[in-house]
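> Fold the following and give me the result.
(one chain, ligands or ions: 1)
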Amino acid sequence: MPELPEVETVKRGLEKELVNHKVLKAVIYYPNIISAPILSEFQQQIKNQTIHKMNRYGKWLIFELDDYALLSHLRMEGKYFFRTKKDPISKHEHVVFELDDGRELRYHDTRKFGRMYLLKKEDIYHVPPLSKLGLEPWDNLLTVKYLKEKLKNKTIPIKTCLLDQSIIVGIGNIYANEILFMCHISPFKKSNKLTAKELEKVIEYTRKILKEAIEMGGSTIRSYHPREGVDGLFQQRLFVHGKEHEKCPNCGTMIQKKFINGRSSYYCPCCQK
Ligand SMILES: [Zn+2]
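Predicted coordinates for the structure are as follows:
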């Protein structure tokens, strides 16, 4: 699943290709990808809109158009490819945006879990899906006080809360494992039991690790490619994720793998007590 750094990489790649280009028309082969508005309105509204800027909020890609914003979530396997009219449509290409220079931007998704919304530009942060989301890792409002407030009634493991997109957006499973390892916090620790000092570390390492991952182009686990032919390097920098047969780089204890709320969690039982 693409995580925030991969989505940021995709955003930067698309921005280079798309800014100042016009969407002439959208052809939709699998209507369930479009969550809102209804299909005919989606196609009507996006017609002849120019793409001015690419943005991202959490794992949502935001295409800023003249009057609207197109929100796109890649979920498990969504990808964007550039093709031309001559290229046959593959069975996994569900939405095709015809551009003003003859290229086509095609949304490809083998699992079909991805979703798109076309919303009035001024509304995007006030209506779902973005209105339900928490803070971006680099938001100045993300403070120890904010986390204390959000976590005060939560007795579930901190690992689960780090994945909760209504608290901080964009921390996926790989990064949650790495962040807790760097903070020396047990993934099982009850969320409301974290000290101010620990919360400070969580904020610090969330920013540090995600920034580093963005600079390296994401982690690229399995089939995910931010852009064709470009692999992320961050995977080489993972300390615990996927390392259950390896020793902790700090203390030499074997890394453990356990499931927390259905998600694979890797940790050092000695460093993360
Ligand atoms: Zn250790």
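> pLDDT of the helix or strand containing E200, averaged?
Assigned by DSSP states H and E, E200 belongs to helix 196-215. Confidence for helix 196-215, expressed as mean pLDDT, is 94.
> how far out from the middle of the chain is that helix?
16 Å (C-alpha atoms, centre = their mean, to the nearest Å).
> Next secondary structure after that helix?
Immediately after helix 196-215, counting by DSSP H and E, sits strand 256-260.
> Can you give me the separation between the closest residue to the ion within the stretch 101-250 of the chain and T9?
Nearest residue of the stretch 101-250 of the chain to the ion, counting by C-beta to the ion: C248, 3.1 Å away. The C-beta positions use only the backbone N, C-alpha and C, and glycine is treated the same way. Note on C248: its distance to T9, by C-beta to C-beta, to the nearest Å, is 29 Å.
> Who has more neighbours out of these two?
Each of C248 and T9 has its neighbours counted (other C-beta atoms under 10 Å); T9 has more, 24 against 20.
> So that one is in contact with G217, correct?
Yes - using C-beta atoms under 8 Å, T9 makes contact with G217 at a distance of 4.9 Å.
> what sits against the residue nearest the centre of the chain?
In the chain, the residue lying closest to the centroid (C-alpha atoms, centre = their mean) is K59, at 2.8 Å. If you count contacts by C-beta atoms under 8 Å, 6 or more residues apart in numbering, K59 has them with 2-4, 7, 73-74, 169-170, 172.
> ok, so what distance separates it from M182?
Counting by C-beta to C-beta - K59 and M182 are separated by 21 Å.
> Quick check: pLDDT value at E6.
On the pLDDT scale, E6 is placed at 85.
> So it: helix, strand or coil?
What DSSP: H, G, I helix; E, B strand; the rest coil gives for E6 is helix.
> which parts of this structure sit against the ion?
248, 250-251, 253, 268, 270-271 (C-beta under 5 Å from the ion).
> Check the offset of stretch 145-164 from the chain's centre.
20 Å.
> and if you look at stretch 77-96?
The answer for stretch 77-96 is 21 Å, by C-alpha atoms, centre = their mean.
> Give me the angle between the helix or strand of the chain with the lowest mean pLDDT and helix 196-215.
The helix or strand of the chain with the poorest confidence is helix 4-18; it has a mean of 90 (mean pLDDT, DSSP states H and E). Using axes from the mean of the first three to the mean of the last three C-alpha atoms, to 10 degrees, the inter-axis angle of helix 4-18 relative to helix 196-215 is 40 degrees.
> Which neighbouring elements make contact with helix 4-18?
Judged by 3 or more C-beta pairs under 8 Å, 6 or more residues apart in numbering; DSSP states H and E, the packing partners of helix 4-18 are strand 53-57, strand 60-64, strand 79-84, strand 103-108, helix 196-215.
> re earlier: ok, the residue of the stretch 101-250 of the chain closest to the ion to C271 distance?
Counting by C-beta to C-beta, the gap from C248 to C271 is 6 Å.
> Same check on Y57?
33 Å.
> Quick one: residues in contact with the helix holding E200.
Contacts of helix 196-215 (C-beta under 8 Å, 6+ apart): 3-5, 8-9, 137-138, 142-144, 147-148, 151, 158, 162, 168, 170-171, 175, 178-179, 182-185, 194, 219, 232, 234, 237.
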